[in-house]
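J.: this one's structure only:
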């Protein structure tokens, strides 16, 4: 009986988080994909002599952080979601090229 009481707070907070996540689909950011492509093309041009230094993940996290910083958004989940979207977009773009 005591064990159940001890960890009951975990179950409650998890169910509230799941309910919040399913109801809230609003994004705090808007990705301008032409801007992402242009900025990544600049990155490729800057490192054309050292292509081993080009990293999609690093570019994506920097782009996401820069967007959130310049728009004064301080939300880790939003930064991570934008990072994942930009990274997957650029990876798909490179596969098609």
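T.: Great, that's in hand. In this text, all values refer to a predicted model and were calculated from it rather than measured experimentally.
J.: Please state the offset of stretch 75-86 from the chain centre?
T.: Averaging C-alpha coordinates over stretch 75-86 and over its chain gives two centres that are 2 Å apart (C-alpha atoms, centre = their mean, to the nearest Å).
J.: Any buried residues in that stretch, and which?
T.: By neighbour count with 16 or more other C-beta atoms under 10 Å, stretch 75-86 contains the buried residues 78-79, 82-83, 85-86. Using the backbone N, CA and C atoms, a C-beta is placed for each residue, glycine as well.
J.: Now render those as a markdown table, adding distance to residue 69 and pLDDT.
T.: As requested, the buried residues of stretch 75-86 are exported to a markdown table (distance: C-beta to C-beta, whole Å; pLDDT from 0 to 100):
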| residue | distance to residue 69 | pLDDT |
| --- | --- | --- |
| 78 | 12 | 95 |
| 79 | 9 | 95 |
| 82 | 12 | 96 |
| 83 | 13 | 97 |
| 85 | 17 | 96 |
| 86 | 15 | 97 |
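J.: which of those residues lies closest to residue 35?
T.: residue 86 (10.4 Å; C-beta to C-beta).
J.: Find the nearest non-adjacent residue to that closest one, please.
T.: Closest residue in space to residue 86, ignoring its immediate chain neighbours: residue 60 at 4.2 Å, by C-beta to C-beta, 6 or more residues apart in numbering.
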